[in-house]
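please find the sequence and the predicted model below.
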Amino acid sequence: MLTDAEKDACVILSDFFLDTELTPADLHTIAASLQRLNLSVSILNHLLRYDVFPILYPNLMSVAGIWDVFARYWLLSQIESRRSAPPGWAKLLLDYCAWLLVGRLCVTPVWDQVKLKLQGKL
């Protein structure tokens, strides 16, 4: 079960998966919002990689993806459902491959910038 702070973090992290280009101002806002939640970077990284990414990465591959916002209730119910279901090896393999191909190309660069801001290095 996600804590309230983790739920808020998942919603904030979902911005990485919108069909828009994030500006430096967007990244600053994301970092500031995450900072207020008082979650460690390792927890945020885990939420991004294992909770948010597997649900939202298809939006990055869609020709007409969602570009404004993911519905909070929908996103959180998808995460809770995924967490409660036993993972099958095929799903784990697909998620791993997607992370290697899509995550590292599209998500990691912006996440790395946000992490630097969270760690006070930018």
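That came in fine, so what should we check first? Remember, it's a predicted structure, so these values are computed and weren't measured experimentally.

so who does residue 17 touch?
Neighbour list for residue 17: 52, 53, 56, 57, 59, 60, 70, 107 [criterion: Cβ atoms under 8 Å, 6 or more residues apart in numbering]. (Each C-beta comes from the backbone N, C-alpha and C, glycine too.)

the first one: what's it in contact with?
Read it as residue 52. Residues in contact with residue 52 (Cβ under 8 Å, 6+ apart) are 10, 13, 14, 16, 17, 75, 79.

which neighbouring elements make contact with the helix or strand hosting residue 44?
Following DSSP states H and E, one finds residue 44 within helix 41-46. Packing contacts for helix 41-46, counted by 3 or more Cβ pairs under 8 Å, 6 or more residues apart in numbering; DSSP states H and E, involve helix 4-13, helix 108-118.

can I get the ones you listed in CSV including mean neighbour count?
Listed next are the helices and strands packed on helix 41-46 as CSV, based on neighbours: other Cβ atoms under 10 Å:
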stretch, mean neighbour count
helix 4-13, 19
helix 108-118, 17
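
residues near the residue nearest to residue 26 when sequence neighbours are not counted, how many?
Using Cβ to Cβ, 6 or more residues apart in numbering and skipping residues adjacent in sequence, the residue nearest residue 26 is residue 15, 7.1 Å away. Here the count is done by other Cβ atoms under 10 Å, and residue 15 has 20 residues near it.

next up, the contacts around residue 15.
Counting by Cβ under 8 Å, 6+ apart, residue 15 touches 22, 26, 30.

helix/strand/coil for it?
helix (DSSP: H, G, I helix; E, B strand; the rest coil).

468 is where my numbering starts, stick with that
Yes, from this point I'll number from 468; that puts the last item at residue 482.

and it, what pLDDT?
Per-residue confidence (pLDDT) for residue 482: 95.
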